[in-house]
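K.L.:
Curious how this folds, go ahead:
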Amino acid sequence: QVQLVESGGGLVQAGGSLRLSCAASGRTFSNYAMGWFRQAPGKEREFVAAISWHGRDTYYADSVKGRFTISRDNAKNTVSLQMNSLKPEDTAAYYCAQDRVEYGSGPTFPSRYGYWGQGTQVTVSS
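P.N.:
Below is the predicted model of the structure:
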């Protein structure tokens with residue numbers, strides 16, 4: 001059974017930084033692309049960043065490009081999201097997700113992901 005557990009959310013002032021982490025278990029972590037999504041109240045879940053199974057390919061939403069960095073540690077079964085220069089519009093619940101299929105490049109559509117964490121709240125004050 002796949003389990004994804006996010007951590008690292010919190011309250012931060014605009015311009016600050018946070019690092020989210022997601023610990024995975026249940027499948028061979030290194031075989032699967034991973035993604036981060038977010039959902040603000042009253043809005044649909046949106047793509048933030050994704051990383052391929054081997055870690056060499058990364059993808060970002062235009063709204064976070066240049067500010068956020070996704071990385072993975074296959075030895076520790078973790079994926080992280082470093083978030084810098086945070087803005088109030090980054091406020092949302094952040095979810096990590098694991099690809100349905102092995103050896104993916106890092107899909108950007110939620111429907112490609114079969115497993116989700118419970119989410120961690122990020123609040124950016126102005």
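
K.L.:
Skipping its backbone neighbours, what lies nearest the residue nearest the centre of the chain in space?
P.N.:
For the chain, W36 is the residue whose C-alpha lies nearest the centre (C-alpha atoms, centre = their mean; 2.2 Å). Among residues not flanking W36 along the chain, V48 sits closest, at 4.3 Å (C-beta to C-beta, 6 or more residues apart in numbering). All C-beta atoms are positioned from the backbone trio N, CA, C, and that covers glycine.

K.L.:
Which of the three states applies to that neighbour?
P.N.:
Here V48 is recorded as strand under DSSP: H, G, I helix; E, B strand; the rest coil.

K.L.:
residues in contact with it?
P.N.:
G35, W36, F37, R38, Y60, A61, V64, F68, L81, Y94 (C-beta atoms under 8 Å, 6 or more residues apart in numbering).

K.L.:
How about Q121?
P.N.:
G9, G10, A92, A93, Y94.

K.L.:
can you do 7 Å?
P.N.:
G9, A93 (C-beta atoms under 7 Å, 6 or more residues apart in numbering).
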